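**Q** Any chance you can model this:
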Amino acid sequence: MLFYSLFFPISYLMISCGVEKSLSPSVLAQLENTERAMFEATSNGDSATFRKLCGADYFTINANGEAHTLAETLPHVPRFKGSTNKVSEQRQRIYGNFVVRNGLLKAYFGGQQVAEVLYTTGWIYRDHRWQFVHWQGTMTGMMLEQFSGKVSLEPPPAE
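**A** Next comes the predicted model:
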């Protein structure tokens, strides 16, 4: 009898822990608003709002090759004050409570385009809210024009 009284609760626990719960459509819709708020906080140079949108485990690999934790990133947020951006080509993949989003970002200062970056963001739904935990940007388009003719941007020939 002791076997059965322990077997069923332990089995249920093992099965329920292995089941991946999918996020509701309303929770996924919240991500759109949260990502928009992240881009707005950046454009406003608002480190405090940016910090509130991030998870403590936030990590970035920027288009310039630098990598930073959240604490290292926050002092840099104000430099984007006054910028605007346009995102396009957005896609997302959902893995349980984690979402990977990709897109193309064009950044502007004073109406002039200053950057074009392919980006990947990582978002986790934790503590009943979306938390921004990862950014990775790769320069593209206009950012690579300065290297044209100076550096081979083609992959090396196959051996």
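**Q** mind listing the helices for this protein?
**A** Counting by DSSP state H, residue ranges of the helices within the chain are 2-18, 25-43, 47-53, 70-73.
**Q** Give the partner strands of the biggest strand by length in the chain in its sheet and their orientations.
**A** As far as residue count goes, and with DSSP state E defining each element, the longest strand of the chain is strand 112-126. Strands flanking strand 112-126 in the sheet, each with its direction: strand 98-109 (antiparallel), strand 129-139 (antiparallel) (DSSP bridges).
**Q** tell me which residues in it are buried?
**A** Buried residues in strand 112-126, counting neighbours by 16 or more other C-beta atoms under 10 Å, are found at Ala115, Glu116, Val117, Leu118, Tyr119, Thr121, Gly122, Trp123, Ile124, Tyr125. Quick note: C-beta positions are derived from backbone N, CA and C, even for glycine.
**Q** could you give me the average pLDDT of that strand?
**A** Strand 112-126 shows a mean pLDDT of 94.
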